[in-house]
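**Student:** sequence and computational prediction follow.
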Amino acid sequence: MKSNIKILTECKREIELDIEADEVMKEFERIITQFSSRAKIPGFRPGKAPRDIIKQRFYPEIKESLINSLVPKALSGELKTQNLNPVGMPVVNDLHFKEGQPLHLKAQFEVWPEFNLPEYKKIKVKKKKISVLDQETDQSLEELRLRSAQYIPVEGRGVLEEDYVVVDLKGKDLKTNKFLPQEKVLILAGHAENEEILNKKLIGSMPGEEKNFTLDYDKNHQNKKLAGKKIEYNLKVISIKEKKLPALDDEFAKELGEFKNLKDLKEKIKKEIISSKEKATKQDMAEEIIKKISDKLSIGLPEVLVEQEYMAIMRRLLSSRTQQDIKKEDLEQLKSEGKKKAEQSLKNHLILKKIAEKENLKVSDQEMNEEFKEIAKANNLPLAQVIDSVNKEGKREELRSSILFKKTVDFLVEHAIIE
């Protein structure tokens, strides 16, 4: 087998390959025999049709089978011999086959770029001062109160803001006079996302009281079943529940866990806020370090990987937005930002990968088990279930790579000069 490798760009290569004629014809004859044994030709018993007739009738299929049989194996073998590890699948862009001659092909593929790391230790970064304001602790306490709120049935009064109200809701399309399905729904009175007229009708309503109102829905309304329609509603209040928040006292603290009093709870909250800010500060320093390394490097990136990362970023950016929300110029800007983020993300990945290799950083089985425990704890799942799920989804190596990059980031921060 003859081959020649051309360097097209930093990451792109072209291989020109000739598969020897003897090997090609041997495979060609094998495929004809295979077709002959299966082919049904009028006037001949299975397997008895002359070779020339089989070849004439099924030539395109025989040729396709030949290429599918020889080319991937030949490419894979030659790339392995040349110690080349393609990123993605090689793309054959030129192929010539003629009986009795070598099968000639050209294919292009991408490889990881080769580059030398600049100095990555003793990089100077500034650490932000960490402090916790009283209002931050108070806000966390208030969030705990809200999560501990109880909703108590009330009688003898009408609906107030922030009451939860169970209502029977009937609707009729005024254009078609068709009734919508009757619904029993739970509504938070006064909520900003409610229709304004609905809030006005709810506030002050007593259990058993009925109210009528009409809504003229915009043609672009997010609910397609209602978009562009004029609906007359009949609303009947069934029950009312008011929010009751616990008092911020020692008893409240004791109910939340092993806290002696409210002061003890506040101290715990303060420590958690400090821990969270320390993690964020460490992340900021790590990003600054990686950026300083990245700014010193010009690395060619495999187009196929940039495209994959770009598509993943765009899916995340667009997941919470509908097509109607995005103007054409905004979409173009999002695409441009997505491409830049994809390139930077891949560049950072290559830098961290190279540093991990140079420093011989590894992920032990013990570290994998600790990560499994963290995932199980965070998601309130049994450890065995988490491990089984990761293995079944084939994400074990992906998780190992993620841990390795965290270790590499920690290594960079540990060896930085923090001012």
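**Tutor:** Received it, and whenever you're ready, just let me know what you need. Residues are numbered from 1 along each chain as shown.
**Student:** okay, CA-based contacts and neighbour counts for the rest of this
**Tutor:** OK.
**Student:** now do the helices in the stretch 301-419 of the chain.
**Tutor:** For the stretch 301-419 of the chain, helices defined by DSSP state H, counting those that start in this stretch occupy the ranges 303-318, 328-358, 365-379, 383-392, 396-414.
**Student:** turn those helices into a markdown table, columns for mean pLDDT.
**Tutor:** Listed next are the helices of the stretch 301-419 of the chain as a markdown table, based on pLDDT from 0 to 100:
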| stretch | mean pLDDT |
| --- | --- |
| helix 303-318 | 89 |
| helix 328-358 | 90 |
| helix 365-379 | 93 |
| helix 383-392 | 92 |
| helix 396-414 | 94 |
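**Student:** tell me which of the ones you listed lies nearest to residue 246.
**Tutor:** helix 365-379 (26.7 Å; Cα to Cα).
**Student:** hang on, the earlier thing: and the helices of the stretch 301-419 of the chain: which comes nearest residue 92?
**Tutor:** With Cα to Cα as the measure, helix 303-318 is the member of those nearest residue 92 (15.3 Å).
**Student:** in CSV, could you pull the C-alpha coordinates for the closest one?
**Tutor:** Taking Å, rounded to 0.1, in the frame of the first residue of the first chain, the C-alpha atoms of helix 303-318 are listed here in CSV:
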residue,chain,number,x,y,z
GLU,A,303,-13.1,22.9,12.6
VAL,A,304,-15.2,19.9,13.4
LEU,A,305,-14.7,20.3,17.2
VAL,A,306,-15.3,24.1,17.0
GLU,A,307,-18.6,23.4,15.1
GLN,A,308,-19.7,20.8,17.7
GLU,A,309,-18.9,23.2,20.6
TYR,A,310,-20.7,26.0,18.8
MET,A,311,-23.8,24.0,18.3
ALA,A,312,-23.9,23.0,21.9
ILE,A,313,-23.5,26.7,23.0
MET,A,314,-26.2,27.9,20.6
ARG,A,315,-28.6,25.2,21.9
ARG,A,316,-28.0,26.5,25.5
LEU,A,317,-28.4,30.2,24.4
LEU,A,318,-31.6,29.6,22.5
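**Student:** out of the helices of the stretch 301-419 of the chain, the one nearest residue 197 is which?
**Tutor:** Using Cα to Cα, these put helix 303-318 closest to residue 197, at 31.6 Å.
**Student:** list the contacts of the closest one.
**Tutor:** With Cα atoms under 8 Å, 6 or more residues apart in numbering as the test, helix 303-318 has contacts from 87-88, 110, 334-335, 338-339, 341-343, 345-346.
**Student:** and residue 172, what does it touch?
**Tutor:** Residue 172 makes contact with 178-180, 231-233, according to Cα under 8 Å, 6+ apart.
**Student:** save these as TSV, and put in pLDDT, neighbour count and distance to residue 139 too.
**Tutor:** As requested, the contacts of residue 172 are exported to TSV (pLDDT from 0 to 100; neighbours: other Cα atoms under 10 Å; distance: Cα to Cα, whole Å):
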residue	pLDDT	neighbour count	distance to residue 139
178	91	11	48
179	91	14	46
180	90	14	43
231	91	22	41
232	93	19	42
233	93	19	39
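**Student:** residue 76 belongs to a helix?
**Tutor:** Yes: Residue 76: assigned to a helix according to DSSP: H, G, I helix; E, B strand; the rest coil.
**Student:** burial measure for it, as a count.
**Tutor:** Neighbourhood size, residue 76 [other Cα atoms under 10 Å]: 16.
**Student:** gap between it and residue 94?
**Tutor:** Residue 76 sits 17 Å away from residue 94, taking Cα to Cα, to the nearest Å as the criterion.
**Student:** quick revisit: closest one of the contacts of residue 172 to residue 387?
**Tutor:** residue 180 (47.4 Å).
**Student:** wait, doesn't the closest one sit right on residue 225?
**Tutor:** No: checked against Cα atoms under 8 Å, the pair residue 180 and residue 225 is beyond contact range at 10.1 Å.
**Student:** show me where the stretch 51-200 of the chain has helices.
**Tutor:** 51-81, 134-147, 196-202.
**Student:** quick check: bridge partners of the closest residue to residue 184 other than its chain neighbours?
**Tutor:** Distance criterion Cα to Cα, 6 or more residues apart in numbering; nearest residue to residue 184, sequence neighbours excluded, is residue 168 at 4.6 Å. Beta-bridge partners recorded for residue 168 (DSSP bridges): residue 184, residue 236.
**Student:** where does pLDDT dip in the chain?
**Tutor:** 1, 320-326 (pLDDT under 70).
**Student:** what residue of it is the furthest out?
**Tutor:** residue 43 (59.1 Å; Cα atoms, centre = their mean).
**Student:** for that one, phi and psi?
**Tutor:** phi 90, psi 0 (degrees, to the nearest 10).
**Student:** cool, and residue 233?
**Tutor:** phi -110, psi 150.
**Student:** same for the helix ranked longest in the chain, what does it pack against?
**Tutor:** When the chain is parsed with DSSP state H, its longest helix is helix 262-295. If contacts are counted by 3 or more Cα pairs under 8 Å, 6 or more residues apart in numbering; DSSP states H and E, helix 262-295 sits against strand 124-125, helix 134-147, helix 250-256, helix 328-358, helix 396-414.
**Student:** reformat these as JSON lines; add distance to residue 47 and mean neighbour count.
**Tutor:** Formatted as JSON lines, those follow (distance: least, Cα to Cα, whole Å; neighbours: other Cα atoms under 10 Å):
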{"stretch": "strand 124-125", "distance to residue 47": "77", "mean neighbour count": "16"}
{"stretch": "helix 134-147", "distance to residue 47": "77", "mean neighbour count": "14"}
{"stretch": "helix 250-256", "distance to residue 47": "81", "mean neighbour count": "15"}
{"stretch": "helix 328-358", "distance to residue 47": "55", "mean neighbour count": "16"}
{"stretch": "helix 396-414", "distance to residue 47": "49", "mean neighbour count": "17"}
